[in-house]
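>>> Give me a 3D structure for the following:
(one chain, ligands or ions: 1)
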Amino acid sequence: MGKREGFASSFGVLVAMAGSAVGLGNLWRFPYLVGTNGGAAFIIIYLACVLVLALPIMYSEFIIGRRSQSNVFGAYKKLAPDSKWCNVGFIYVLCSITIISFYSVVGGWTIDYFVKAATFQFSSASADQLSGMFANTVTSTASPLVYMLVFLGITALIVLAGVKNGIEKYSKIMMPLLFILVIVIAIRSVTLENSYAGIEFLFKPDFSKITAQTFLDALGQAFFSLSVGSGSILTYASYVSRKENIVKLSAQTAISDTMFAIVAGVAIMPAVFAFGISPSEGPGLVFVTLPYIFNQLPFGSFLAVLFFFALFIAAITSSISMLEVIVAYLDEEFKLKRRTSIVLSLILIATLGVFCSLSQGVMSDVKILGNSIFDLFDKSSANIMLPLGGLIAVIFVGWRMKKAEYADEITSGGLVKFSRTTVGIFYFFIKYIAPVVIATIVIRSLF
Ligand code: PHE
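Okay, the predicted model is just below:
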């Protein structure tokens with residue numbers, strides 16, 4: 001490997017970070033979790049998890065990544081030499097592999113639906129037909145695999161082009177476009193007749209629906225959505241220059257991601273209620289509900305094409321951040337060529353992806369711990385691996401690094417001014433609050 005690459009501009013870093021965070025998590029996973037967990041009460045717990053837990057982890061990953069300028073394994077090796085800390089890198093690599101394996105299956109569905117929309121395949125379908133179409137789409141054997149491979153192929157090409165000419169360049173175009181598309185759809189959704197019940201569902205809490213599982217789901221979703229705990233932030237941060245204000249960048253990333261989730265909720269829930277669909281439809285929600293809405297609207301076919309394109313963009317800018325974790329690790333730790341690292345990663349991911357995809361159809365009888373392979377990958381990564389990866393990052397910054405190192409990084413070597421109180425508060429959250437709360441929620445809900 002030659003000189004290490006880096007992001008070229010502050011805007012580039014921000015769109016890449018936001019690109020990683022904003023994804024299927026916001027547009028596909030968040031709405032159906034809100035739907036199955038009873039609406040506004042879930043959103044409130046979710047927001048608390050973002051603020052109190054995910055954000056301190058994001059700072060920590062930024063600190064570790066930027067300070068070490070290294071991959072998930074090399075980072076801990078550099079910052080804690082002569083210790084066993086570097087082995088935690090495996091958790092991040094494993095987590096990224098697990099997530100991208102099922103994520104690319106859903107990414108494939110988005111391409112499939114984009115093609116369906118562009119060829120008017122659901123233009124006059126009823127709600128039942130659309131449910132059937134979704135079931136068919138995901139349970140088929142061959143076509144989801146082909147779409148998944150296309151999705152992975154595009155991800156790989158962008159990653160192959162590198163940090164500046166691939167990740168940064170494409171995120172700069174795709175993220176603003178995505179934002180405009182989602183806003184347009186949200187406006188259309190809230191102006192539907194009878195959309196009010198959906199707004200109420202989103203913003204009027206009913207705390208009677210809350211259980212321990214709600215907390216775990218909200219925690220997992222906060223981590224999943226912000227991409228924390230998987231090493232993606234850490235890896236991207238390793239390409240960030242010493243001049244950038246990482247506190248501001250983390251906050252901007254978290255705010256954009258949260259805004260996207262809420263806007264996605266506003267785009268989907270009012271329409272769900274307006275058309276009398278059940279909000280607890282589950283993973284099919286965006287794929288069933290939205291085509292139905294588009295069918296009822298003037299220029300609906302056009303909006304449908306736009307939306308599934310947007311969903312695809314959101315997914316791609318996230319999957320590249322997962323692949324980069326694995327590729328940077330192989331590149332730097334095994335001195336492989338970028339191309340070789342990508343091919344090796346793809347073989348592994350595609351193999352696992354095949355099982356995730358088939359577990360929706362011909363392999364649906366195969367259950368591990370009561371879950372299909374797809375659900376197992378989804379739940380174990382969001383609810384166990386991400387919290388674990390996050391926990392490790394905050395413990396490392398809070399307990400292993402020196403406070404002076406932490407302060408040096410937070411202030412970008414004194415370039416960015418923060419009062420001592422602010423620096424102290426962040427530190428308190430990283431050192432005490434985040435580890436204790438994450439450990440409590442995960443342990444309680446596991447047992
Ligand atoms: N944050 C992404 C999303 O919301 C998913 C993701 C998780 C990306 C972990 C990178 C790492 O879709």
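>>> is it true that residue 322 touches residue 100?
Yes - taking CB atoms under 8 Å as the contact criterion, residue 322 and residue 100 are neighbours in contact, 4.1 Å apart. All C-beta spots, glycine's among them, are computed from the backbone N, C-alpha and C.
>>> Could you double-check that residue 363 sits in contact with residue 355?
Yes - counting by CB under 8 Å, residue 363 sits close enough to residue 355 to count as a contact (6.9 Å).
>>> shared neighbours, those two?
Here residue 363 and residue 355 share the contacting residues residue 373, scored by CB atoms under 8 Å, 6 or more residues apart in numbering.
>>> so who does the closest residue to the ligand within the stretch 301-447 of the chain touch?
Each residue of the stretch 301-447 of the chain has a distance to the ligand, by CB to the nearest ligand atom, and the smallest belongs to residue 318, at 4.0 Å. Contacts were defined as CB under 8 Å, 6+ apart; by that measure residue 318 touches 19-25, 103, 227.
>>> what does residue 147 give?
Applying CB under 8 Å, 6+ apart, one finds that residue 147 lies in contact with 108-109, 111-112.
>>> so it is in which element?
Secondary structure from DSSP states H and E places residue 147 in helix 142-160.
>>> Okay, angle between the very next helix or strand once past that helix and helix 142-160 too, please.
Moving toward the C-terminus from helix 142-160, the first helix or strand encountered (DSSP H and E) is helix 169-190. For helix 169-190 and helix 142-160, the angle between their directions (axes from the mean of the first three to the mean of the last three CA atoms, to 10 degrees) works out to 130 degrees.
>>> on contacts alone, who are the packing partners of helix 169-190?
In this structure, helix 169-190 packs against helix 10-21, helix 246-274, helix 300-333, with contacts taken as 3 or more CB pairs under 8 Å, 6 or more residues apart in numbering; DSSP states H and E.
>>> coming back round to it: please convert the contacts of residue 147 to a markdown table, extending it with secondary structure and neighbour count.
Converted to a markdown table, the contacts of residue 147 look like this (DSSP: H, G, I helix; E, B strand; the rest coil; neighbours: other CB atoms under 10 Å):
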| residue | secondary structure | neighbour count |
| --- | --- | --- |
| 108 | helix | 26 |
| 109 | helix | 30 |
| 111 | helix | 22 |
| 112 | helix | 23 |
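>>> Please dump these into JSON lines; it should also carry distance to the ligand for every row.
Supplementary listing: the contacts of residue 147 in JSON lines, determined by distance: CB to the nearest ligand atom, whole Å:
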{"residue": "108", "distance to the ligand": "15"}
{"residue": "109", "distance to the ligand": "14"}
{"residue": "111", "distance to the ligand": "16"}
{"residue": "112", "distance to the ligand": "18"}
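>>> Tell me the spacing between the residue nearest to residue 18 when sequence neighbours are not counted and residue 283.
Closest residue to residue 18 apart from its sequence neighbours, by CB to CB, 6 or more residues apart in numbering: residue 256 at 4.4 Å. Relative to residue 283, residue 256 is positioned 24 Å away (criterion: CB to CB, to the nearest Å).
>>> what do you get for residue 84?
Separation of residue 84 from residue 283 (CB to CB): 39 Å.
>>> Tell me which of these two has more neighbours.
Comparing residue 84 with residue 283 by other CB atoms under 10 Å, the one with more neighbours is residue 283, at 20 against 8.
>>> Correct me if wrong, but that one is in a strand.
No - secondary structure assignment places residue 283 outside any strand; it is helix (DSSP: H, G, I helix; E, B strand; the rest coil).
>>> residues touching it, list them.
28, 32.
>>> one more time with 7 Å, if that's ok
With contacts taken as CB atoms under 7 Å, 6 or more residues apart in numbering, residue 283 has the following neighbours: residue 32.
>>> got it, and the one 5 residues further on?
When contacts are counted by CB under 7 Å, 6+ apart, residue 288 touches 130-131, 134, 281.
>>> Angles on the backbone of the spatially closest residue to residue 314 that is not a sequence neighbour, please.
Leaving aside its chain neighbours, residue 314 sits nearest to residue 23 (4.8 Å; criterion: CB to CB, 6+ apart). With angles defined as degrees, to the nearest 10, residue 23 sits at phi -170, psi -150.
>>> How about the residues of the protein by the ligand?
Proximity of the chain to the ligand is confined to 20-21, 23-26, 99, 224-225, 227, 230, 232, 318, 321-322 under the rule CB under 6 Å from any ligand atom.
>>> Quick one, which of these are buried?
In these, burial by neighbour count holds for 20-21, 23-26, 99, 224-225, 227, 230, 232, 318, 321-322, counting by 16 or more other CB atoms under 10 Å.
>>> so, if you compare the residues you listed, which one comes nearest to residue 213?
For these, the minimum distance to residue 213 (CB to CB) is 15.6 Å, reached by residue 224.
>>> Cross-check the contact I'm expecting between that closest one and residue 386.
Yes - Residue 224 is within contact range of residue 386, at 6.2 Å (criterion: CB atoms under 7 Å).
>>> Which secondary structure state is assigned to the residue nearest to the spatial centre of the chain?
For the chain, residue 225 is the residue whose C-alpha lies nearest the centre (CA atoms, centre = their mean; 4.0 Å). Reducing the assignment to helix, strand or coil with three-state DSSP, the entry for residue 225 is helix.
>>> Quick one, grab the pLDDT at it.
The score at residue 225 is 97. That number is its pLDDT.
>>> Quick check: nearest residue in space to it, chain neighbours excluded?
Skipping the residues right next to it in sequence, residue 225 comes nearest to residue 25 by CB to CB, 6+ apart, at 4.0 Å.
>>> isn't the one you found right next to residue 223, touching?
No - with contact defined as CB under 7 Å, residue 25 and residue 223 do not form a contacting pair (9.4 Å).
>>> Pass me the low-pLDDT residue ranges in the stretch 301-447 of the chain, would you?
Regions of the stretch 301-447 of the chain meeting the criterion pLDDT under 70 cover residues 445.
>>> Point me to the residue of the stretch 51-200 of the chain nearest the ligand.
Per CB to the nearest ligand atom, residue 99 is where the stretch 51-200 of the chain lies closest to the ligand, at 5.2 Å.
>>> Remind me which helix or strand that residue belongs to.
Using DSSP H and E, residue 99 sits within helix 89-118.
>>> Name the residues of that helix that come out as buried.
Of the residues in helix 89-118, those scored as buried under the neighbour-count criterion (16+ other CB under 10 Å) are 89, 91-114, 116-117.
>>> circling back to that earlier point, kindly provide the distance from the residue of the stretch 301-447 of the chain closest to the ligand to residue 236.
For residue 318, the distance to residue 236 (CB to CB) stands at 12 Å.
>>> Now do the shared contacts for the two.
Joint contacts of residue 318 and residue 236 (CB under 7 Å, 6+ apart) are residue 20.
>>> host element of the residue sitting furthest away from the middle of the chain?
Of all residues in the chain, residue 82 sits farthest from the chain's C-alpha centroid, using CA atoms, centre = their mean; the distance is 33.2 Å. Under the criterion DSSP H and E, no helix or strand holds residue 82.
>>> Can you give the distance from stretch 291-305 to the centre of its chain?
With CA atoms, centre = their mean, to the nearest Å as the basis, stretch 291-305 stands 26 Å off its chain's centre.
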